[in-house]
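J.: Compute the structure for the input listed below.
(2 chains)
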Amino acid sequence: MKFMPAKESVPSQASPSEEPSEKSHLPKTSESESLKKIRHTTSHIMAMAVQKLFPKAQVTIGPWIENGFYYDFDNPEPFTEKDLKAIRKEMIKIINRKLPVIREEVSREEAERRIKAINEPYKLEILADIQGDPITIYHLGDQWWDLCAGPHVENTADIHPDAFDLESVAGAYWRGDENKAQLQRIYGTAWESPEQLAEYKRRKEEALRRDHRKLGKELGLFIFADPVGPGLPLWTPKGTVVRSLLEDFLKQEQLKRGYLPVVTPHIARVDLFKISGHWQKYKEDMFPMMAEDEESEQHEQGFVLKPMNCPFHIQIYKSELRSYRDLPMRLAEFGTVYRFEQSGELGGLTRVRGFTVDDSHLFVTPEQLDQEFLNVVDLILSVFKSLQLKNFRARLSFRDPDSDKYIGSDDAWDKAQSAIRRAVETLGLPHFEGIGEAAFYGPKLDFIFQDVLDREWQLGTVQVDYNLPERFELEYVAEDGTRKRPVMIHRAPFGSLERLIGILIEEYAGDFPLWLAPIQARLLPVAEEFLPYAKQVVEQMQALGLRAEVDTSGDRLGKLIRNAEKDKIPVMAVVGAKEVESNALSIRTRASGELGAIPVSEVLERLKHANENYGQF
RNA sequence: GCCGAUGUGGCUCAGUGGUAGAGCACUCGAUUCGUAAUCGAGCGGUCGCGGGUUCAAAUCCCGCCAUCGGCUCCA
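T.: Residues are numbered from 1 along each chain as shown, chains lettered A, B, ... in the order given. Purely as a prediction, here's the structure:
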């Protein structure tokens, strides 16, 4: 097994405009009692201000979130960003009035009476959900109050008028249910001091600079084209290098672990997905069926783009009578799938409509399930380690027993969920549970990562499935000659190549490790007369399987360096009279700056070694 | 899909009713240069698309498309 040598730190940003200043710790709300109070109270002040400016606005909920707070209102007119300015002004007035924040305990009946008196129907619903007595109310002076558990600061003047800001408006559904009323949400942030607020804003801007959509464009890795369609990325030559390297890397790992490669088509008869249950439970997420004529359309006969690969791999399993000796059978494919995601969901590479899953389906006996599941988790963790991905959380994605979006028996679900639970316990893997996060056919162990905007995305996944083997009537011949039903494990360490690369770009801030860099080395001639020498060195590099090129632009060295740095090329090699004479290269790396003159043979050796061992130059 | 914002040359952006601009990139010329931008000239835009208002629309109005921030939904 190969691992990256542990790197001390992320390669530093050499560009003066990108130097990361020493970061002071900015606490999250959950880590700070003081911030909880500040943000809670600021959201109340905002609600009071909104109701003053928009008397028809009704209040709902206004909790703190990790970097700030929000408050949802039911207002006849949606708020616009222009309204935020006025609301902010009004909030400062409230702060300056130094209103005491007073906690009051009242009985349920009293709370109900008062809410009815001010005609706030949403609050009444909230009250009905609060368990136990007494009910607490927080007043801002004697003008405004809200049903709230607290805690709060003691006086509105405890909120620093220059340490909060209103950030954005958004629609949000009441109770998170798209069938209920759409409310108007205002997001804000509040801190202990103006300095903290400034640091928070600075950090947000910094995060934007490593946004994979921005870097993907700058580094020329992928594009979207209007005539092609939304959510359908096109991979440029450079991006394709990264993709292929990741594929090759995983294919090698899988080869070592007994996986068998397969290839399956992108479309299939809709009938296939009726057997699997996709058509019944997943139709909304699929591109519409292609029918040859109206009659076929009416009889629901036609072809669909595949949203998943499992039914295809199942057909390969089914194509022969399998023996227990054949199991576990691990069929693997980089399978491109298409899902008709809602238009508002699409974004960059993290949410697209066509993506490639590093998919595999393992057909195992019930006895083999636990061990095979552990093997898969081991593969996934080793892949993350090689890619230097550390910031993830493991989620047990179980079904919501009250929902009807799942197929299969309670027994099958219980068996599958307990298998996953056993595995994480055996491994001592820290995890949390996500009820209602299961796939429609089975529970999952998911690996969740964060993007630059703190949004969470699922990458790797392992799923235990007793249902599809049942629906497709899968069998194997057991030792005693009887027919038995295998269990399936669905798994994808990357999840999707697209999403993985999006996360990797942000994780690396565009600085791919040498083995993944689209261009690993660029030769920089100080004058045109050194071009032939540079070209000859590049040929030697290419002969060793290295990705190298010469800058032939004829610009001055300073410009060549600048461009190579902007392209985030890990190794730059300066070539001039001195180098030609001594058969050397003056090396400058993005990670470590100038390294001085090094003989060509040594440079070649070191590049090759780093490339093959996932290391640095 | 829903709420809000945005859409001007390849890229980043200025222009808010009166004949489309800048920097970078690109091409050409001069310079032959040693660790983050050499100088000059040139090329390049149906101002997202369609409709409307107006003597006149990048600019105002309507519809659509796409992107961005959320919600809902998910690798």
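J.: what residues are up against the closest residue to RNA strand B within the stretch 351-500 of chain A?
T.: For the stretch 351-500 of chain A, the residue closest to RNA strand B is A:Gln458, as judged by Cβ to the nearest atom of the strand, at 2.6 Å. For every residue, glycine as well, the C-beta is placed using N, CA and C. A:Gln458 is in contact with A:395, A:446-449, A:495, counting by Cβ atoms under 8 Å, 6 or more residues apart in numbering.
J.: again, but for A:Pro518
T.: A:219, A:221, A:237-239, A:241-242, A:512, A:547.
J.: ok so, going back, spatially nearest residue to the residue of the stretch 351-500 of chain A closest to RNA strand B (excluding sequence neighbours)?
T.: A:Asp446 (4.8 Å; Cβ to Cβ, 6 or more residues apart in numbering).
J.: Next, count neighbours for the residue in the stretch 251-400 of chain A that RNA strand B sits nearest to.
T.: Closest residue of the stretch 251-400 of chain A to RNA strand B, Cβ to the nearest atom of the strand: A:Gly344 (2.2 Å). Neighbour count for A:Gly344, taken as other Cβ atoms under 10 Å: 7.
J.: With A:Ala394 instead?
T.: 20.
J.: Would you state the strands of the stretch 251-400 of chain A in chain order?
T.: A:260-261, A:267-269, A:303-305, A:329-338, A:354-364, A:392-398 (DSSP state E, counting those that start in this stretch).
J.: what about the helices in the stretch 201-350 of chain A?
T.: Along the stretch 201-350 of chain A, counting by DSSP state H, counting those that start in this stretch, helices occupy A:212-218, A:237-256, A:270-276, A:278-281, A:294-298, A:310-318.
J.: Can you tell me which helices and strands the longest one packs against?
T.: This means helix A:237-256. Helix A:237-256 is packed against strand A:329-338, strand A:354-364, helix A:369-386, helix A:497-508, with contacts defined by 3 or more Cβ pairs under 8 Å, 6 or more residues apart in numbering; DSSP states H and E.
J.: thinking again about what came up before, please name the residues that touch the residue nearest to A:Gln458.
T.: By Cβ under 8 Å, 6+ apart, the neighbours of A:Asp446 are A:394-395, A:397, A:434, A:437, A:458, A:460-461.
J.: can you redo these as JSON lines with pLDDT and distance to A:Lys283?
T.: Below are the contacts of A:Asp446 laid out as JSON lines (pLDDT from 0 to 100; distance: Cβ to Cβ, whole Å):
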{"residue": "A:Ala394", "pLDDT": "96", "distance to A:Lys283": "30"}
{"residue": "A:Arg395", "pLDDT": "96", "distance to A:Lys283": "26"}
{"residue": "A:Ser397", "pLDDT": "96", "distance to A:Lys283": "21"}
{"residue": "A:Gly434", "pLDDT": "94", "distance to A:Lys283": "24"}
{"residue": "A:Glu437", "pLDDT": "94", "distance to A:Lys283": "20"}
{"residue": "A:Gln458", "pLDDT": "96", "distance to A:Lys283": "22"}
{"residue": "A:Gly460", "pLDDT": "96", "distance to A:Lys283": "27"}
{"residue": "A:Thr461", "pLDDT": "97", "distance to A:Lys283": "22"}
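J.: how about the strands in the stretch 451-600 of chain A?
T.: A:456-465, A:476-477, A:483-484, A:487-492, A:521-525, A:548-550, A:571-575, A:584-589, A:593-599.
J.: Of all those strands, which one comes closest to A:Glu372?
T.: strand A:487-492 (6.2 Å; Cβ to Cβ).
J.: other SSEs contacting the closest one?
T.: On the basis of 3+ Cβ pairs under 8 Å, 6+ apart, strand A:487-492 makes packing contacts with helix A:310-318, strand A:354-364, helix A:369-386, strand A:456-465, helix A:467-471.
J.: Okay, buried residues for the last one please.
T.: Meaning helix A:467-471. A:467-469, A:471 (16 or more other Cβ atoms under 10 Å).
J.: The residues you listed: which ones sit near RNA strand B?
T.: With Cβ under 7 Å from any atom of the strand as the criterion, the buried residues of helix A:467-471 include none near RNA strand B.
J.: so can I have CSV of those residues showing distance to A:Ser43 and pLDDT?
T.: Below are these laid out as CSV (distance: Cβ to Cβ, whole Å; pLDDT from 0 to 100):
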residue, distance to A:Ser43, pLDDT
A:Asn467, 44, 95
A:Leu468, 46, 96
A:Pro469, 50, 97
A:Arg471, 49, 96
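J.: Contacts only, for the most centrally placed residue in chain A.
T.: Central residue of chain A (Cα atoms, centre = their mean): A:Trp457, 2.6 Å from the mean position. Applying Cβ under 8 Å, 6+ apart to A:Trp457 gives the contacts A:350, A:448-451, A:499, A:502-503.
J.: taking those residues as a set, which two sit the farthest apart in space?
T.: Maximum distance among these (Cβ to Cβ): 14.2 Å, for A:Ile448 and A:Gly502.
J.: Looking at these two now, which is surrounded by more residues?
T.: Counting neighbours by other Cβ under 10 Å for A:Ile448 and for A:Gly502 shows that A:Gly502 has the greater number, 30 against 20.
J.: pLDDT score for the nearest residue to the more buried one once chain neighbours are set aside?
T.: Spatial nearest neighbour of A:Gly502, excluding adjacent residues (Cβ to Cβ, 6+ apart): A:Leu349 at 3.5 Å. At A:Leu349, the pLDDT value in this model is 97.
J.: before we move on, the earlier item: within reach of RNA strand B, which of the contacts of A:Gln458 are there?
T.: A:446, A:495.
J.: Kindly reformat the contacts of A:Gln458 as CSV containing distance to A:Glu81.
T.: Formatted as CSV, those follow (distance: Cβ to Cβ, whole Å):
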residue, distance to A:Glu81
A:Arg395, 34
A:Asp446, 35
A:Phe447, 36
A:Ile448, 31
A:Phe449, 30
A:Gly495, 35
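J.: Pick out the most distant pair among the contacts of A:Gln458.
T.: A:Arg395 and A:Gly495 (12.5 Å).
J.: Give me the more crowded residue out of these two.
T.: Between A:Arg395 and A:Gly495, counting by other Cβ under 10 Å, A:Gly495 is the more crowded of the two (24 against 19).
J.: what's the more buried one in contact with, if anything?
T.: A:Gly495 makes contact with A:357-358, A:447, A:458-461, according to Cβ under 8 Å, 6+ apart.
J.: same thing with A:Leu453?
T.: Contacts of A:Leu453 by Cβ under 8 Å, 6+ apart are A:207, A:211.
J.: Spell out which parts of the stretch 351-500 of chain A neighbour RNA strand B.
T.: So far as Cβ under 7 Å from any atom of the strand goes, the stretch 351-500 of chain A lies against RNA strand B at A:351-353, A:355, A:357, A:405, A:437, A:439, A:444, A:446, A:453, A:455, A:457-459, A:461, A:492, A:495-496, A:498-499.
J.: Just the buried ones from those, in PyMOL syntax?
T.: Of these, the buried ones go into a single PyMOL selection, burial set by 16+ other Cβ under 10 Å:
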select buried, chain A and resi 351+352+353+355+357+437+439+444+446+457+458+459+461+492+495+496+498+499
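J.: circling back to that earlier point, quickly note the distance from the residue of the stretch 251-400 of chain A closest to RNA strand B to A:Lys568.
T.: Using Cβ to Cβ, to the nearest Å, one obtains 32 Å as the distance from A:Gly344 to A:Lys568.
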